[in-house]
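*Asks:* What follows is a predicted protein model with its sequence.
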Amino acid sequence: MNRHHALAWIACSLIPTFALGGVASAQHQGMAGSTSDEDIIRSAMTAAPPAVAKDATIIDVAPDGKTRVVRKGTNGFTCLADNPNSPGPDPMCGDQNAMEWAQAWFEKKEPPRNKVGFMYMLSGGTDASNTDPYAQKPEPNNNWVETGPHVMVVGAKGMMEGYPRSPKPDTAQPYVMWPDTPYEHLMLPVQTGEPMTR
């Protein structure tokens, strides 16, 4: 799953939850039915530091797009497990503002103003276009990049002066992804322990 699909997955996964007072539902092959709730929780918790993950809401998305709260949290963060159909690990965890930003991106709407959000992908991400928020695969001019473990600051358009905005950034250093779009956000690579294995 590329980063585009990962964000679509998280955004779509949370739309119904927002309506229920939580967080958005994308099309992906969820873990439901193929893995135990304990495995879903374990995978989702690898997205964020233990202090955040232990109190986060864990959402699972079934292959038909239906979402299910596997574990209700108390700290305002929502985590999703790795999508087993993606080429690499991609669990994600974000706060409420990040979920609203992801929902706006998924629906191609203007993100909420004055709401900075934070997302963790400590097990890594796979890949995405650095310039086209909706690119599905590498193309000659869409500046495909590969990312490892990272965190994202979203909803901070106009507040990232001084960070590289190159179409082809060095992903081992902080940079702005999707620059000059409504969805530009700061990518911050982090070093973690052992990478997640399946």
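*Replies:* Nice, I can see it.

*Asks:* Every contact and neighbour count from this point should use C-alpha atoms.
*Replies:* OK.

*Asks:* looking at this structure, which helix or strand is least sure?
*Replies:* Lowest by mean pLDDT, DSSP states H and E among the helices and strands of the chain is helix 15-19, with a mean of 40.

*Asks:* Which residues does the following helix or strand past that helix contact?
*Replies:* Moving toward the C-terminus from helix 15-19, the next helix or strand (DSSP states H and E) is helix 37-45. The set of residues external to helix 37-45 that reach it, using C-alpha atoms under 8 Å, 6 or more residues apart in numbering, is 31, 53-54, 58, 60, 70-71, 79-82, 91-93.

*Asks:* Which of these fall within helices?
*Replies:* Of the contacts of helix 37-45, the ones assigned to helices by DSSP state H are Ala53.

*Asks:* ok, which pair from the contacts of helix 37-45 is furthest apart?
*Replies:* Farthest-apart pair in the contacts of helix 37-45 is Met31 and Lys54; separation 19.5 Å (C-alpha to C-alpha).

*Asks:* okay, the two: which has more neighbours?
*Replies:* Just comparing Met31 and Lys54: by other C-alpha atoms under 10 Å the higher neighbour count belongs to Met31, 21 against 17.

*Asks:* While we're on Met1, how confident is the model there?
*Replies:* Met1 is assigned 39 on the pLDDT scale.

*Asks:* With the one 4 residues further on instead?
*Replies:* At His5, the predicted lDDT confidence score is 47.

*Asks:* which stretches of this structure form strands?
*Replies:* For the chain, applying DSSP state E gives strands covering 57-61, 67-71, 77-80, 92-95, 117-121, 127-129, 144-146, 150-154, 175-177, 185-189.

*Asks:* In CSV, list the contacts of helix 37-45 along with pLDDT and distance to Pro149.
*Replies:* Shown next, in CSV, are these (pLDDT from 0 to 100; distance: C-alpha to C-alpha, whole Å):
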residue, pLDDT, distance to Pro149
Met31, 49, 21
Ala53, 97, 16
Lys54, 96, 19
Ile58, 96, 20
Asp60, 89, 21
Val70, 96, 24
Arg71, 97, 24
Cys79, 95, 15
Leu80, 91, 15
Ala81, 90, 15
Asp82, 85, 13
Pro91, 91, 10
Met92, 91, 11
Cys93, 96, 12
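
*Asks:* Now, of the contacts of helix 37-45, which are buried?
*Replies:* 31, 53-54, 58, 60, 70-71, 79-82, 91-93 (16 or more other C-alpha atoms under 10 Å).

*Asks:* and which of these is nearest Pro169?
*Replies:* Comparing the buried ones among the contacts of helix 37-45 against Pro169 with C-alpha to C-alpha places Met92 closest, at 22.0 Å.
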